[in-house]
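>>> Structure here, sequence nowhere to be found:
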């Protein structure tokens, strides 16, 4: 297993890459890279980004989410989606040429596919700021009839996308990794959402069967579906080779109300989870996600990420050494 770290494009700096190396990170994921021209991520800019990452001895593992205007017509099934799909296809081809092996994405209408929560001012361990969700406190924007769409229609739009994207991804050698809906609720504000339980995650995998069609396995979102079923999900999707990379996050509680706490204090046994990843032979990247805000943080959450990375590195070393002793 490999220790990774995700950065927003604007935070992909020499200083932050040096920080990653110092904490034992080997792989980098870039969120929403802003290197596009006319709806296509530029190959030459990808190479510059890869060269920067590799100059620190790191590997560029994935792009997580394209800019919003690269796929919006596909999500809404609006005129122009064919042209937009051609451009997404070119982005995937450019990623293959540039040696970026994974494209993470969330298939959903942007108005309702966000996290629907913000950092509370305090409330976590030592009164640190944590993200919390309570369905009874969820504020939804005013409804828009043209945005209302059934789950069935969203599945048809997803099928349309995957039937075109997967063959390109296979040819380019790029894996398409779908993120579950967070929070995993079937409808928000009249709009259907696709990946809200284990069965719908399987449905996406089976929709267009391919080694290149799988999951951006957000363990935190999966825990929101039921903390007692996390190990089951890791085994189910990992045994199929469908976990392309992992958001290693813990929560306290589950739907309809939960808090995103430090990874050492949530309801999921993270040591047991790491053991299961090893048992199924997972050899991909795990990154920390949604860290609480520690005292003295400024900008990118260096302190919270450092705590998570150190904990994850220790878990990885522990399960690997445990295997060595057994052998």
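Perfect, thanks for sending it. It should be emphasised that the depicted structure is a prediction, and the values quoted were computed from it without experimental measurement.
>>> What are the contacting residues of stretch 262-270?
With contacts defined as C-beta atoms under 8 Å, 6 or more residues apart in numbering, stretch 262-270 is touched by 124-125, 219, 223, 227, 230, 248-254, 288, 291-292, 307-308, 311-312, 315. (Glycine included, C-beta is placed from N, CA and C.)
>>> Next, the buried residues of it.
262-263, 266-268, 270 (16 or more other C-beta atoms under 10 Å).
>>> chain center to it: distance?
How far stretch 262-270 lies from its chain's middle: 19 Å, per C-alpha atoms, centre = their mean, to the nearest Å.
>>> what does stretch 240-253 give?
8 Å.
>>> And for stretch 50-63?
With C-alpha atoms, centre = their mean, you get 18 Å for stretch 50-63.
>>> For the buried residues of stretch 262-270, could you give me a markdown table that also reports pLDDT and distance to residue 29?
Below are these laid out as a markdown table (pLDDT from 0 to 100; distance: C-beta to C-beta, whole Å):
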| residue | pLDDT | distance to residue 29 |
| --- | --- | --- |
| 262 | 96 | 21 |
| 263 | 96 | 18 |
| 266 | 95 | 22 |
| 267 | 97 | 26 |
| 268 | 97 | 22 |
| 270 | 98 | 20 |
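>>> What helices and strands are in contact with the helix or strand residue 48 falls within?
Per DSSP states H and E: residue 48 is located in helix 43-54. In terms of contacts (3 or more C-beta pairs under 8 Å, 6 or more residues apart in numbering; DSSP states H and E), helix 43-54 is packed against helix 14-22, strand 59-64, helix 81-98.
>>> out of the ones you listed, nearest to residue 28?
strand 59-64 (5.5 Å; C-beta to C-beta).
>>> by how many degrees do the closest one and helix 43-54 diverge?
130 degrees (axes from the mean of the first three to the mean of the last three C-alpha atoms, to 10 degrees).
>>> List the strands paired with the helix or strand containing residue 259, with their directions.
Residue 259 is part of strand 257-260, with elements assigned from DSSP H and E. Partners of strand 257-260 in the sheet, by DSSP bridges, are strand 129-134 (antiparallel), strand 252-254 (antiparallel).
>>> how about the longest one: buried residues?
Think strand 129-134. 129-133.
>>> from these, which is closest to residue 50?
residue 131 (31.3 Å).
>>> burial count for the residue lying closest to the closest one once chain neighbours are set aside?
Once flanking residues are discounted, residue 131 sits nearest to residue 260: 4.3 Å by C-beta to C-beta, 6 or more residues apart in numbering. Residues lying near residue 260 (other C-beta atoms under 10 Å) number 26.
>>> and if you look at residue 172?
The burial count for residue 172: 21, using other C-beta under 10 Å.
>>> related to what we said a few turns ago, what's the most buried one of the helices and strands packed on helix 43-54?
strand 59-64 (a mean of 24; mean count of other C-beta atoms under 10 Å).
>>> And the residue nearest to residue 131, how close does it get to residue 308?
For residue 260, the distance to residue 308 equals 11 Å [C-beta to C-beta, to the nearest Å].
>>> still on that earlier bit, and the buried residues of stretch 262-270, which of them are in helices?
Among those, DSSP state H puts residue 270 in helices.
>>> Please list only the buried members of the contacts of stretch 262-270.
Counted by 16+ other C-beta under 10 Å, the contacts of stretch 262-270 give 124, 219, 223, 227, 230, 248-254, 288, 291-292, 307-308, 311-312, 315 as buried.
>>> any residues touching the helix ranked longest in the chain, and which ones?
In the chain, taking DSSP H as the definition, the longest helix is helix 302-326. Contact with helix 302-326 is made by 1, 3, 5, 19, 23-25, 248, 262-264, 270-271, 274-275, 277-278, 286, 288, 291-297, as judged by C-beta under 8 Å, 6+ apart.
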